[in-house]
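Asks: Pasted the sequence and its predicted model underneath.
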Amino acid sequence: MPETLSPRSTRNLEGLCEGASDAARNAARISMREGCNGIERLQAHFRGRAFAPHRHDTYAIGITLAGVQTFRYRGEQRHCLPGQCHILHPDELHDGAAGTEDGFAYRILYIDPGLVQAALGGRPLPFVATPVIDLAPRQNNALLAAWESEGPIDELARAEIIAAIADILLAASSDPATASPALRLPGLLRVRALISACPAERHSIAELERVANLDRWSLARQFRLAFGTSPSRFRTMRQLDSVRRSMKSGADLVDAALSAGFADQSHMSRQFKRAYGLTPARWQAALH
C-alpha cells in the first residue's frame, strides 16, 4: 500500500499553501521566523523578479506555497509548483522569479552544511543535481514541524530536522556510488570555528594550515567537501551575518559594513547582493 499523509499532516500542508495564495499577490515581503543555531527560517512573497543571481554557503531547502516559483540553476530554468520542494546545494548560483503574474510564496530553511555533515558521520556532502523534487509522504511528515511551527526549535527538534534533511539529501543525491575520500574533520572544524569566532579578521593561509594540520591545497579541497564552500567564502558569509544583525538593530550601512570587516559600504553591498540576490536596502525594506 502506498504511503499516505496523516489527516493532520494533509490539512496542515494544504493550509500552508491555501493561506499563502492571497499573500503571493501582494508586494514583496520577507518574514523571518524563529530558527536555532544552524537553521534559519523565513517565509517570503514576491511578484515579478524576486532575486538577482546569487549564491549562499548553506543548503536552501524550501517548499512553494502558492503560485509558480521559477529559477535558473546549473544551466537550466526550473519551475517549482505549490507543494513541491526545491533543494539548492551550497555555493550554487541561482536566481528567483515568479512564473506567473500572480506571484509566488514559499517557506525555506537555510541549513548549515556542517550539521548535515555531522549527521552523515563525516562523509562528504551529498549533491542533488535535480533541485525540484516531490517529497514522499513520510519525508513531508518529517519536515512539517520545520515548515509550520512558529515557535522556537529546541535541541530535540533540531536534531530531528537535520536527520530528516540528511536522509532526504541522500535519497535524492546524484553522486555516484564511489568511495568517499577520508576527511581530516577535526582540523577542518577547528578552521571553521576560528573563522566563525571573528569573521572580521583576515587569517593568513599559514595560520589556517597550522590550525588544520593540513597543507593549503588539502585544506581548500577538504573544506569544500565537508562544508560545501571555500574557507574564504565561508568568512564572507559570516561577515554578512554580522551585517544583517547590525541592520536589524538599526545600525546604518556604513557602520554595519565596517564593523563586519568590509573595506567600505559599496564592497559590502556588492557581496550582499551576490549572497542574497537583493541589495541591503531592498532586503531591509522587505523585512517584517
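Replies: Received the coordinates, thanks. Just so we're clear, the structure is a prediction, and the values are computed from it rather than from any experiment.

Asks: And the pLDDT at Thr279?
Replies: Here the pLDDT value assigned to Thr279 is 93.

Asks: ok, now how distant is it from Pro90?
Replies: Plainly put, Thr279 is 22 Å away from Pro90 if you go by Cβ to Cβ, to the nearest Å. For every residue, glycine as well, the C-beta is placed using N, CA and C.

Asks: More neighbours: which of these two?
Replies: Just comparing Thr279 and Pro90: by other Cβ atoms under 10 Å the higher neighbour count belongs to Pro90, 24 against 15.

Asks: which non-adjacent residue is nearest the more buried one?
Replies: Closest residue in space to Pro90, ignoring its immediate chain neighbours: Gly228 at 2.9 Å, by Cβ to Cβ, 6 or more residues apart in numbering.

Asks: That neighbour contacts His89, correct?
Replies: Yes: between Gly228 and His89 there is a contact under Cβ atoms under 8 Å: 6.5 Å.

Asks: what residues are shared contacts of the two?
Replies: Common contacts of Gly228 and His89 (Cβ atoms under 8 Å, 6 or more residues apart in numbering): Tyr59, Leu125.

Asks: Compare these two (neighbour count), which wins?
Replies: More crowded of Gly228 and His89, by other Cβ under 10 Å: Gly228, with 25 against 22.

Asks: Check the spacing between that one and Ala146 real quick.
Replies: To Ala146, Gly228 is 19 Å away according to Cβ to Cβ.

Asks: mind listing the helices for the stretch 101-250 of the chain?
Replies: Using DSSP state H, counting those that start in this stretch, the helices of the stretch 101-250 of the chain run over residues 113-119, 137-148, 155-172, 185-197, 205-212, 216-227, 231-248.

Asks: For the stretch 151-288 of the chain, give me the ranges with low pLDDT.
Replies: 175-181, 288 (pLDDT under 70).

Asks: what residues are up against Leu240?
Replies: With contacts defined as Cβ under 8 Å, 6+ apart, the neighbours of Leu240 are Ala260, Met268, Gln271, Phe272, Ala275, Tyr276.

Asks: Outline the domain layout of this protein.
Replies: Using automatic domain parsing, the domain parsing of the chain gives 8-172, 183-288.

Asks: Check the offset of the shortest one from the chain's centre.
Replies: To tie it back to what came earlier, the one meant is domain 183-288. The gap between where domain 183-288 is centred and where its chain is centred comes out at 14 Å by Cα atoms, centre = their mean, to the nearest Å.

Asks: and the gap between Tyr276 and Pro131?
Replies: Taking Cβ to Cβ, one finds Tyr276 at 18 Å from Pro131.

Asks: Looking at those two, which is more packed in?
Replies: The neighbour comparison of Tyr276 against Pro131 (other Cβ under 10 Å) goes to Pro131, with 22 against 19.

Asks: you'd agree the more buried one is up against Arg78?
Replies: Yes: taking contacts as Cβ under 8 Å, Pro131 lies within contact range of Arg78: 5.9 Å.

Asks: Now list whatever residues contact both of these two.
Replies: Taking Cβ under 8 Å, 6+ apart as the contact rule, Pro131 and Arg78 both touch His86.

Asks: follow-up on the earlier one: where's the residue nearest to Pro90 relative to Ser31, distance?
Replies: Counting by Cβ to Cβ - Gly228 and Ser31 are separated by 26 Å.

Asks: quick one on the thing from earlier: residues touching the residue nearest to Pro90, list them.
Replies: By Cβ under 8 Å, 6+ apart, the neighbours of Gly228 are Asp57, Thr58, Tyr59, His89, Pro90, Asp91, Pro113, Leu125.

Asks: In strands, which of these fall?
Replies: Tyr59 (DSSP state E).

Asks: Can you flag the buried ones in the contacts of Gly228?
Replies: Neighbour-count burial (16 or more other Cβ atoms under 10 Å) applied to the contacts of Gly228 gives Asp57, Thr58, Tyr59, His89, Pro90, Asp91, Pro113, Leu125.
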